[in-house]
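**Q** have a look; sequence and predicted model below, questions after that.
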Amino acid sequence: MTPRDSAIIFNDLGMWSRRIRPGTKACYDKGWQAPNTDLPTRALQNWLDAWGTFGIGLLMGSPISDGTRLGALDVDRDEYTSLARTLLRNPACGRIGEKGAVFFVRVRGDVGNPEFRVSGPKGKSWGKVAECLFVKKLCVIPPTIHPNTRQPYRWIGTPLHEVDLLSLPLIGE
C-alpha cells in the first residue's frame with residue numbers, strides 16, 4: 001500500500017493524514033496543524049493529488065466516536081517500551097521506526113503534550129525518553145521510509161486503520 005493509499009483510508013476513517021517530506025520526519029504542507037474540519041476541502045484534495053513520493057503522518061487529536069481524540073505515546077528509548085506496554089495494558093496498535101515505539105491511545109480532556117525525562121546510569125542524562133502526542137503533534141506512520149534507517153516504519157500488532165479505535169487505551173480524566 002502506498003502512502004497516498006493509506007492517506008485515503010485514514011481520511012475516510014476520520015483521521016487527519018499529512019504528507020511527510022521525503023528523507024525527513026517533517027510535514028511538507030503549510031497549515032498542517034489545523035484539523036481537517038478547519039481546512040478547505042480543496043486543500044485536502046490537492047494534497048492527495050500531489051502525494052507523489054511523500055510519506056504519511058497523522059495529526060494527533062482527530063475525534064473518535066466516543067468523544068475522545070486520537071493520540072500517541074512516543075517512547076524514544078528501547079529500555080522504556082516494555083514499561084509503556086505494561087502501563088497501557090498491552091495496547092493493540094503501535095508502530096516502530098528506528099528505536100523505541102509509538103503506541104496509539106484515546107485521549108479525554110485537556111492533558112496537553114507532556115514529556116518524560118530521566119537521568120541514565122551514573123548520572124548520564126538521557127533527556128527525553130517519551131512524549132505524549134495528543135494535540136497538534138504529528139506521528140509518522142507506515143509505509144513511510146525512516147530517514148535514518150532507510151527502512152519503512154512498521155506496525156506493531158494490528159495496523160491502526162484495522163483496529164477498533166474504541167479498544168485503544170484511554171488517557172485523561
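**A** Structure's in. What do you need?
**Q** what's the following helix or strand after the helix or strand bottoming out on mean pLDDT in the chain?
**A** Between all helices and strands in the chain, the lowest mean by mean pLDDT, DSSP states H and E belongs to strand 115-119, at a mean of 84. Using DSSP states H and E, the helix or strand that follows strand 115-119 towards the C-terminus is strand 125-133.
**Q** what about this protein, any weak spots by pLDDT?
**A** Applying pLDDT under 70 to the chain flags residues 120, 123.
**Q** just the strands in it please.
**A** For the chain, applying DSSP state E gives strands covering 16-20, 55-59, 69-75, 93-96, 101-108, 115-119, 125-133, 138-141, 154-157, 170-172.
**Q** ok, and what's touching the shortest one?
**A** With contact meaning C-beta atoms under 8 Å, 6 or more residues apart in numbering, strand 170-172 is reached by 68, 71, 73, 105-109, 111, 132, 134. For the C-beta atoms, the positions are set from N, CA and C on the backbone; glycine is no exception.
**Q** also the second one?
**A** Applying C-beta under 8 Å, 6+ apart, the contact partners of strand 55-59 are 3-4, 6-7, 10, 15-22, 25, 27, 32-33, 35, 70, 136-141, 143-145, 160.
**Q** quick one on the thing from earlier: identify each buried residue in the least confident helix or strand of the chain, please.
**A** Buried residues in strand 115-119, counted by 16 or more other C-beta atoms under 10 Å: none are found.
**Q** and it, what does it pack onto?
**A** Applying 3 or more C-beta pairs under 8 Å, 6 or more residues apart in numbering; DSSP states H and E, one finds that strand 115-119 contacts strand 125-133.
**Q** got the CA coordinates for the strand it packs on in PDB?
**A** Output of strand 125-133 as PDB, limited to C-alpha atoms (Å, rounded to 0.1, in the frame of the first residue of the first chain):
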ATOM      1  CA  SER A 125      21.300  12.300  31.200                       C
ATOM      2  CA  TRP A 126      19.200  10.600  28.700                       C
ATOM      3  CA  GLY A 127      16.900  13.600  28.500                       C
ATOM      4  CA  LYS A 128      13.500  13.000  26.900                       C
ATOM      5  CA  VAL A 129      12.600   9.300  26.900                       C
ATOM      6  CA  ALA A 130       8.900   9.600  26.000                       C
ATOM      7  CA  GLU A 131       6.400  12.200  24.900                       C
ATOM      8  CA  CYS A 132       2.700  12.400  24.500                       C
ATOM      9  CA  LEU A 133       1.500  13.300  21.100                       C
END
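**Q** what pairs with that strand, parallel or antiparallel?
**A** Strand 125-133 has its sheet partners listed here by DSSP bridges as strand 69-75 (antiparallel), strand 115-119 (antiparallel).
**Q** so which bits of that strand are buried?
**A** 129-133.
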